[in-house]
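Asks: build the 3D model from these lines:
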Amino acid sequence: MTRSTGNKIERPYRIVLFGVQAEALLPLVQAFDAAFVVVDKNPDIVICYGGDGTLLTAELRWPGIPKVPILNSRRGHRCIPKSPREVVEALARNEMVHSHYSKLECAVFSSDQRQEADFILTCLNEVNVHMGRINSAVRFCLWVNDIPFENGVEVVSDGFVACTAFGSSAYFKAITKGIFKEGIGLAFKATTHPVNHVIVSERDEVRFEITRGPAVLAFDNSHDYLDLAAGDYLTVRKHPQSAHMLTCDPITALDEPF
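Replies: The predicted structure follows:
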(Lines give C-alpha, C1' and ligand atoms only; values in the text may rest on other atoms or scores of the structure.)
Protein backbone atom coordinates (compact mmCIF):
# COMPACT_ATOMS: atom_id res chain seq x y z
CA MET A 1 0.00 0.00 0.00
CA THR A 2 1.10 3.57 -0.69
CA ARG A 3 -0.51 6.63 0.84
CA SER A 4 -0.75 10.29 -0.13
CA THR A 5 -2.99 13.32 0.36
CA GLY A 6 -2.80 14.46 -3.26
CA ASN A 7 -4.33 13.13 -6.48
CA LYS A 8 -7.02 15.81 -6.59
CA ILE A 9 -9.58 15.44 -9.36
CA GLU A 10 -10.88 18.40 -11.31
CA ARG A 11 -14.23 19.53 -9.93
CA PRO A 12 -17.11 19.03 -10.01
CA TYR A 13 -16.60 15.36 -9.26
CA ARG A 14 -18.70 12.87 -11.21
CA ILE A 15 -20.09 10.70 -8.42
CA VAL A 16 -21.69 7.25 -8.51
CA LEU A 17 -23.61 6.22 -5.39
CA PHE A 18 -23.34 2.45 -4.89
CA GLY A 19 -24.99 0.15 -2.36
CA VAL A 20 -28.41 -1.23 -1.48
CA GLN A 21 -29.35 1.95 0.42
CA ALA A 22 -27.08 4.36 -1.45
CA GLU A 23 -29.99 6.53 -2.58
CA ALA A 24 -30.23 7.76 1.02
CA LEU A 25 -27.01 9.71 0.35
CA LEU A 26 -28.45 11.62 -2.62
CA PRO A 27 -29.70 14.67 -0.62
CA LEU A 28 -26.31 14.98 1.11
CA VAL A 29 -24.42 14.92 -2.18
CA GLN A 30 -26.87 17.28 -3.93
CA ALA A 31 -26.36 19.83 -1.16
CA PHE A 32 -22.84 20.33 -2.57
CA ASP A 33 -23.90 20.93 -6.16
CA ALA A 34 -20.75 22.96 -6.87
CA ALA A 35 -18.57 20.01 -5.89
CA PHE A 36 -20.51 16.98 -7.15
CA VAL A 37 -22.67 15.80 -10.00
CA VAL A 38 -24.35 12.40 -9.63
CA VAL A 39 -23.96 10.12 -12.66
CA ASP A 40 -24.75 6.54 -13.70
CA LYS A 41 -21.50 5.82 -15.57
CA ASN A 42 -17.94 7.03 -16.12
CA PRO A 43 -17.51 8.33 -12.55
CA ASP A 44 -14.53 10.16 -11.06
CA ILE A 45 -15.38 8.75 -7.62
CA VAL A 46 -17.59 5.92 -6.36
CA ILE A 47 -19.19 6.40 -2.95
CA CYS A 48 -19.84 2.93 -1.51
CA TYR A 49 -22.52 2.75 1.18
CA GLY A 50 -22.48 -0.64 2.86
CA GLY A 51 -19.81 -3.00 4.12
CA ASP A 52 -16.63 -4.64 2.86
CA GLY A 53 -18.59 -6.67 0.31
CA THR A 54 -20.03 -3.50 -1.20
CA LEU A 55 -16.51 -2.09 -1.52
CA LEU A 56 -15.18 -5.26 -3.20
CA THR A 57 -18.11 -5.37 -5.62
CA ALA A 58 -17.57 -1.71 -6.52
CA GLU A 59 -13.89 -2.36 -7.26
CA LEU A 60 -14.86 -5.20 -9.59
CA ARG A 61 -17.35 -2.97 -11.39
CA TRP A 62 -15.23 0.21 -11.52
CA PRO A 63 -11.61 -0.97 -11.23
CA GLY A 64 -9.06 1.68 -10.30
CA ILE A 65 -11.67 4.44 -9.77
CA PRO A 66 -11.31 6.09 -6.31
CA LYS A 67 -13.72 4.60 -3.77
CA VAL A 68 -15.14 6.28 -0.67
CA PRO A 69 -16.37 3.38 1.52
CA ILE A 70 -18.94 4.66 4.05
CA LEU A 71 -19.99 2.14 6.68
CA ASN A 72 -23.63 1.04 6.55
CA SER A 73 -23.31 -2.53 7.79
CA ARG A 74 -22.54 -4.54 10.90
CA ARG A 75 -19.42 -5.82 9.08
CA GLY A 76 -17.18 -3.30 7.40
CA HIS A 77 -13.62 -3.28 8.70
CA ARG A 78 -12.42 -1.37 5.64
CA CYS A 79 -15.22 1.22 5.69
CA ILE A 80 -15.30 4.69 7.26
CA PRO A 81 -17.08 4.54 10.65
CA LYS A 82 -18.28 8.15 10.48
CA SER A 83 -21.64 9.63 9.62
CA PRO A 84 -22.35 10.02 5.88
CA ARG A 85 -22.66 13.78 6.36
CA GLU A 86 -19.14 14.02 7.84
CA VAL A 87 -17.68 11.99 4.99
CA VAL A 88 -19.44 13.86 2.19
CA GLU A 89 -18.44 17.21 3.70
CA ALA A 90 -14.80 16.10 3.96
CA LEU A 91 -14.88 14.93 0.34
CA ALA A 92 -16.35 18.26 -0.79
CA ARG A 93 -13.55 20.10 1.06
CA ASN A 94 -10.81 17.90 -0.50
CA GLU A 95 -9.79 16.68 2.96
CA MET A 96 -9.69 12.94 2.19
CA VAL A 97 -6.63 10.74 2.61
CA HIS A 98 -5.65 8.87 -0.57
CA SER A 99 -4.44 5.27 -0.22
CA HIS A 100 -3.45 2.80 -2.94
CA TYR A 101 -3.61 -0.98 -2.54
CA SER A 102 -2.08 -3.75 -4.63
CA LYS A 103 -4.39 -6.10 -6.50
CA LEU A 104 -3.83 -9.58 -7.94
CA GLU A 105 -4.12 -10.85 -11.48
CA CYS A 106 -4.98 -14.52 -11.95
CA ALA A 107 -4.88 -16.37 -15.28
CA VAL A 108 -6.63 -19.75 -15.51
CA PHE A 109 -5.53 -22.39 -18.03
CA SER A 110 -7.34 -25.65 -18.81
CA SER A 111 -5.43 -28.91 -19.09
CA ASP A 112 -5.98 -29.08 -22.86
CA GLN A 113 -5.10 -25.42 -23.58
CA ARG A 114 -1.73 -24.35 -22.21
CA GLN A 115 -0.86 -21.53 -24.62
CA GLU A 116 -3.66 -19.07 -23.91
CA ALA A 117 -5.58 -18.42 -20.70
CA ASP A 118 -9.24 -19.40 -20.63
CA PHE A 119 -10.02 -16.71 -18.08
CA ILE A 120 -8.15 -13.73 -16.56
CA LEU A 121 -9.44 -12.06 -13.42
CA THR A 122 -8.33 -9.32 -11.07
CA CYS A 123 -9.12 -9.04 -7.37
CA LEU A 124 -8.49 -6.74 -4.44
CA ASN A 125 -8.88 -9.37 -1.73
CA GLU A 126 -8.24 -12.92 -2.86
CA VAL A 127 -8.40 -15.82 -5.28
CA ASN A 128 -10.14 -18.70 -3.49
CA VAL A 129 -9.99 -22.33 -4.67
CA HIS A 130 -12.11 -24.89 -2.79
CA MET A 131 -12.91 -28.56 -3.14
CA GLY A 132 -15.73 -29.26 -5.56
CA ARG A 133 -17.11 -32.17 -3.50
CA ILE A 134 -17.54 -31.97 0.24
CA ASN A 135 -16.06 -35.46 0.75
CA SER A 136 -13.12 -35.16 -1.66
CA ALA A 137 -9.99 -33.12 -0.88
CA VAL A 138 -8.13 -31.05 -3.47
CA ARG A 139 -4.57 -32.00 -4.39
CA PHE A 140 -2.24 -29.47 -5.97
CA CYS A 141 1.39 -28.50 -6.54
CA LEU A 142 2.77 -24.98 -6.71
CA TRP A 143 5.76 -23.13 -8.05
CA VAL A 144 7.18 -19.69 -7.19
CA ASN A 145 8.98 -18.22 -10.20
CA ASP A 146 9.13 -21.74 -11.70
CA ILE A 147 10.82 -23.09 -8.55
CA PRO A 148 8.77 -25.99 -7.12
CA PHE A 149 7.51 -25.53 -3.58
CA GLU A 150 9.31 -27.93 -1.24
CA ASN A 151 10.78 -29.95 -4.10
CA GLY A 152 7.43 -30.45 -5.80
CA VAL A 153 5.40 -31.80 -2.88
CA GLU A 154 1.74 -32.51 -3.59
CA VAL A 155 -0.38 -30.62 -1.04
CA VAL A 156 -3.63 -32.22 0.13
CA SER A 157 -6.20 -29.81 1.54
CA ASP A 158 -9.69 -28.37 1.26
CA GLY A 159 -8.22 -25.82 -1.17
CA PHE A 160 -6.11 -22.69 -1.04
CA VAL A 161 -6.23 -18.90 -1.00
CA ALA A 162 -3.91 -16.41 -2.72
CA CYS A 163 -4.45 -12.94 -1.33
CA THR A 164 -3.17 -9.39 -1.13
CA ALA A 165 -2.07 -7.65 2.05
CA PHE A 166 -5.40 -5.77 1.91
CA GLY A 167 -7.28 -9.07 1.83
CA SER A 168 -5.15 -10.83 4.44
CA SER A 169 -7.62 -9.89 7.20
CA ALA A 170 -10.29 -12.05 5.52
CA TYR A 171 -10.01 -15.79 4.67
CA PHE A 172 -6.21 -15.79 5.01
CA LYS A 173 -6.54 -14.68 8.63
CA ALA A 174 -9.18 -17.35 9.33
CA ILE A 175 -6.72 -20.02 8.14
CA THR A 176 -3.46 -18.68 9.59
CA LYS A 177 -4.62 -16.53 12.56
CA GLY A 178 -2.52 -13.61 11.30
CA ILE A 179 -2.23 -10.95 8.62
CA PHE A 180 0.66 -9.38 6.69
CA LYS A 181 1.50 -5.93 5.31
CA GLU A 182 3.50 -6.67 2.16
CA GLY A 183 3.64 -9.36 -0.50
CA ILE A 184 1.26 -12.09 -1.66
CA GLY A 185 -0.10 -14.57 0.86
CA LEU A 186 -0.70 -18.23 0.05
CA ALA A 187 -2.73 -20.22 2.57
CA PHE A 188 -3.74 -23.90 2.50
CA LYS A 189 -7.13 -24.82 3.94
CA ALA A 190 -7.39 -27.71 6.43
CA THR A 191 -4.22 -29.20 4.97
CA THR A 192 -2.38 -32.37 5.98
CA HIS A 193 0.86 -30.57 5.10
CA PRO A 194 2.93 -29.27 8.06
CA VAL A 195 3.10 -25.79 6.47
CA ASN A 196 -0.24 -24.02 6.03
CA HIS A 197 0.88 -20.70 4.55
CA VAL A 198 3.64 -18.94 2.62
CA ILE A 199 4.16 -15.23 1.97
CA VAL A 200 6.07 -14.31 -1.19
CA SER A 201 7.17 -11.01 -2.69
CA GLU A 202 4.90 -8.91 -4.89
CA ARG A 203 7.55 -9.33 -7.58
CA ASP A 204 6.98 -13.10 -7.64
CA GLU A 205 4.68 -15.13 -9.87
CA VAL A 206 3.00 -18.17 -8.37
CA ARG A 207 1.64 -21.11 -10.34
CA PHE A 208 -0.78 -23.69 -8.94
CA GLU A 209 -1.63 -26.93 -10.74
CA ILE A 210 -4.60 -29.05 -9.71
CA THR A 211 -3.44 -32.66 -9.53
CA ARG A 212 -6.76 -34.01 -8.30
CA GLY A 213 -10.13 -32.31 -8.37
CA PRO A 214 -12.80 -31.38 -8.77
CA ALA A 215 -12.37 -27.86 -7.45
CA VAL A 216 -14.07 -24.50 -7.85
CA LEU A 217 -12.49 -21.04 -8.06
CA ALA A 218 -14.06 -17.85 -6.72
CA PHE A 219 -12.69 -14.34 -6.28
CA ASP A 220 -13.72 -11.39 -4.12
CA ASN A 221 -17.48 -10.78 -4.33
CA SER A 222 -17.84 -11.84 -7.96
CA HIS A 223 -20.84 -13.96 -8.94
CA ASP A 224 -18.59 -15.80 -11.42
CA TYR A 225 -17.27 -19.25 -10.49
CA LEU A 226 -14.89 -21.46 -12.43
CA ASP A 227 -14.83 -25.25 -12.25
CA LEU A 228 -11.34 -26.76 -12.11
CA ALA A 229 -10.24 -30.33 -12.85
CA ALA A 230 -7.00 -32.29 -12.68
CA GLY A 231 -4.41 -30.77 -15.01
CA ASP A 232 -5.85 -27.24 -14.88
CA TYR A 233 -3.54 -24.58 -13.54
CA LEU A 234 -3.54 -20.92 -12.63
CA THR A 235 -0.90 -18.22 -12.30
CA VAL A 236 -1.10 -15.42 -9.74
CA ARG A 237 0.90 -12.20 -9.73
CA LYS A 238 0.58 -8.53 -8.84
CA HIS A 239 -1.78 -6.65 -11.14
CA PRO A 240 -0.33 -3.46 -12.70
CA GLN A 241 -3.33 -1.41 -11.54
CA SER A 242 -3.93 -0.62 -7.86
CA ALA A 243 -7.14 0.09 -5.94
CA HIS A 244 -7.59 3.70 -4.84
CA MET A 245 -9.36 4.50 -1.55
CA LEU A 246 -10.39 7.84 -0.09
CA THR A 247 -10.87 7.92 3.69
CA CYS A 248 -11.20 10.56 6.39
CA ASP A 249 -8.23 9.21 8.37
CA PRO A 250 -5.21 7.07 7.49
CA ILE A 251 -6.11 3.38 7.30
CA THR A 252 -4.25 1.31 9.88
CA ALA A 253 -3.71 -2.43 10.15
CA LEU A 254 -6.44 -4.32 11.99
CA ASP A 255 -4.08 -6.67 13.82
CA GLU A 256 -0.41 -7.34 14.26
CA PRO A 257 1.04 -8.78 11.02
CA PHE A 258 3.37 -11.76 10.71
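
Asks: contacts only, for the residue of the chain most remote from its centre.
Replies: The outermost residue of the chain, judged by C-alpha distance from the chain's mean C-alpha position using Cα atoms, centre = their mean, is Ala34 at 33.1 Å. Listed by Cβ atoms under 8 Å, 6 or more residues apart in numbering, the contact set of Ala34 reads 11-12. (C-beta placed from N, C-alpha, C; glycine too.)

Asks: tell me the SS of it?
Replies: Reducing the assignment to helix, strand or coil with DSSP: H, G, I helix; E, B strand; the rest coil, the entry for Ala34 is coil.

Asks: and it, how far is that from Ala92?
Replies: Computed with Cβ to Cβ, to the nearest Å, the distance linking Ala34 and Ala92 is 8 Å.

Asks: now swap in His130 and tell me
Replies: His130 sits 43 Å away from Ala92, going by Cβ to Cβ.

Asks: repeat that for Leu71.
Replies: Leu71 is 19 Å from Ala92, where distance means Cβ to Cβ.

Asks: with neighbour numbers in mind, choose between those two.
Replies: More neighbours surround Leu71 than the other of Leu71 and Ala92, with 23 against 19 (other Cβ atoms under 10 Å).

Asks: what number of residues lie near the closest residue to that one other than its chain neighbours?
Replies: Among residues not flanking Leu71 along the chain, Cys79 sits closest, at 3.8 Å (Cβ to Cβ, 6 or more residues apart in numbering). In terms of burial, Cys79 registers 24 neighbours under the definition other Cβ under 10 Å.

Asks: now do the contacts for Cys79.
Replies: The contact partners of Cys79, by Cβ under 8 Å, 6+ apart, come to 48, 50-52, 55, 69-73.

Asks: looking at those, which are in helices?
Replies: The helices in this structure, assigned by DSSP state H, contain 52, 55 from the contacts of Cys79.

Asks: now the contacts of Cys79 in a markdown table, please, with extra columns for distance to Asp224 and pLDDT.
Replies: Supplementary listing: those in a markdown table, determined by distance: Cβ to Cβ, whole Å; pLDDT from 0 to 100:
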| residue | distance to Asp224 | pLDDT |
| --- | --- | --- |
| Cys48 | 20 | 96 |
| Gly50 | 20 | 94 |
| Gly51 | 21 | 93 |
| Asp52 | 19 | 92 |
| Leu55 | 18 | 95 |
| Pro69 | 22 | 95 |
| Ile70 | 27 | 95 |
| Leu71 | 27 | 94 |
| Asn72 | 25 | 91 |
| Ser73 | 23 | 83 |
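
Asks: give me the contacts around stretch 214-227.
Replies: For stretch 214-227, using Cβ under 8 Å, 6+ apart, the contacting residues are 53, 56-57, 59-60, 106, 108, 119, 121, 123-133, 136, 138, 159, 228-229, 234.

Asks: list buried members of the residues you listed by neighbour count.
Replies: Among those, those buried by neighbour count (16 or more other Cβ atoms under 10 Å) are 53, 56-57, 59-60, 106, 108, 121, 123-132, 138, 159, 228, 234.

Asks: return the subset of those lying in strands.
Replies: Members of these lying in strands (criterion: DSSP state E): 106, 108, 121, 123, 126-131, 138, 159, 228, 234.

Asks: strands of the stretch 1-150 of the chain, residue ranges please.
Replies: 2-4, 13-18, 36-38, 45-50, 67-71, 97-101, 104-109, 119-123, 126-131, 138-144, 147-148 (DSSP state E, counting those that start in this stretch).

Asks: partners of the fourth one in the sheet?
Replies: In its sheet, strand 45-50 lies beside strand 13-18 (parallel), strand 67-71 (parallel), with partners assigned from DSSP bridges.
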